[in-house]
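Visitor: Could you look at this predicted model? Sequence included:
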Amino acid sequence: METDNYKLRTTSHKPRAMKHRLQSVILLFLILFLGCAPKKPVPEQSPSTLWSRFWRNQTQAGLSFKIKTSINYFSARRKNRILATIWGNLNYPIRMNIEAGIGQTLSLWREDKYLWQAYFPALKTLYFHPDGQKGATALGYPTPFNLKELSMILLGHYSEIIPSQFDKVEFKNGLWIFSFNTMSKVKKLALNDQARPIFLAGDVWQAKLNQYTQEQNDAYARKIILLLPKSEQAVIRIKSLLVKETPWEKQQLALNLPGDTQKKFIKF
């Protein structure tokens, strides 16, 4: 009888021991799992250091240049490709010639601080407006930038389109993202570890910049993807870029028009 009681007591402790072992296994699994969980990337530079480095990359407003590009435009209704040559002085004037892929001249543009003009040879008509961004968009060239702003982005210089101070900064996906609450056209700017912009955003547009290169001690993105409202998209590729030591002469930036040119002010 005593032997039976001893066996009964011994058997009653087995479920409890198994429970303790199971808890130990679960605890060990949790420790191993948490130890192997991916860690958030740690920024290599502080946002203030990166911000200062970004501004040291900027240049003077008198930069003179010539840029050759191809632009592929996509929308729900159409798709086309054009070639654009932009040249001038960042302190104005700036010219741009637009050609079709077959070499046909489509339009000749000129912009200074007071007026934007676009001449269309096929129509023998010159369109003009004080605002280059509004004028271009009205004529079927949707863009959030005027010629000067676009030129600065292509050149990799942002001294007049990015506020000198940011209002907010956050570290996300390995990037410092700076936000601006002013009246600036650019609302967000993301910088890589070289202090180069890889993302810009406004109220209704975004721009992705990549394929950076280094020429003449200055870096610029060779490819810019511009995302516009209504699912429209423009992909700009830089074919060549030249920075001049001396400004372009006045005649080199003139818009010489035929005598029978019609002139039309763009109304909205």
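Guide: Here it is on my side, so go on.

Visitor: which residues of the protein score low on pLDDT?
Guide: Where the chain drops to pLDDT under 70, the residues are 1-44, 59-62, 214-218, 268.

Visitor: okay but residue 162 is in contact with residue 188, surely?
Guide: No - if you go by CB atoms under 8 Å, residue 162 and residue 188 don't touch, sitting 10.5 Å apart. C-beta: built from backbone N, CA, C; applies to glycine.

Visitor: okay, the two: which has more neighbours?
Guide: More neighbours surround residue 162 than the other of residue 162 and residue 188, with 21 against 16 (other CB atoms under 10 Å).

Visitor: what's the nearest residue to that one if we skip its chain neighbours?
Guide: residue 186 (5.7 Å; CB to CB, 6 or more residues apart in numbering).

Visitor: Distance check, the one you found against residue 178.
Guide: From residue 186 across to residue 178, the span is 9 Å (CB to CB, to the nearest Å).

Visitor: So the residue nearest to residue 162 lies in a strand, does it not?
Guide: No - judged by DSSP: H, G, I helix; E, B strand; the rest coil, residue 186 forms no part of a strand; its state is coil.

Visitor: isn't it right up against residue 166?
Guide: No - Residue 186 is beyond contact range of residue 166, at 10.6 Å (criterion: CB under 8 Å).

Visitor: Find residues that contact each of those two.
Guide: Shared contacts of residue 186 and residue 166, defined by CB atoms under 8 Å, 6 or more residues apart in numbering, are found at residue 180.

Visitor: The two: who's more crowded?
Guide: residue 186 (23 against 19).

Visitor: Please save the CA atoms from the host helix or strand of residue 85 in CSV.
Guide: According to DSSP states H and E, residue 85 maps onto strand 79-89. The C-alpha coordinates for strand 79-89 follow below in CSV (Å, rounded to 0.1, in the frame of the first residue of the first chain):
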residue,chain,number,x,y,z
LYS,A,79,3.1,59.4,-75.0
ASN,A,80,5.8,61.3,-76.7
ARG,A,81,9.6,62.0,-76.7
ILE,A,82,11.3,65.3,-77.3
LEU,A,83,14.8,66.7,-77.3
ALA,A,84,15.5,69.9,-75.4
THR,A,85,18.6,72.1,-75.4
ILE,A,86,18.7,74.7,-72.6
TRP,A,87,21.4,77.4,-72.3
GLY,A,88,21.9,80.7,-70.7
ASN,A,89,22.8,82.5,-67.5
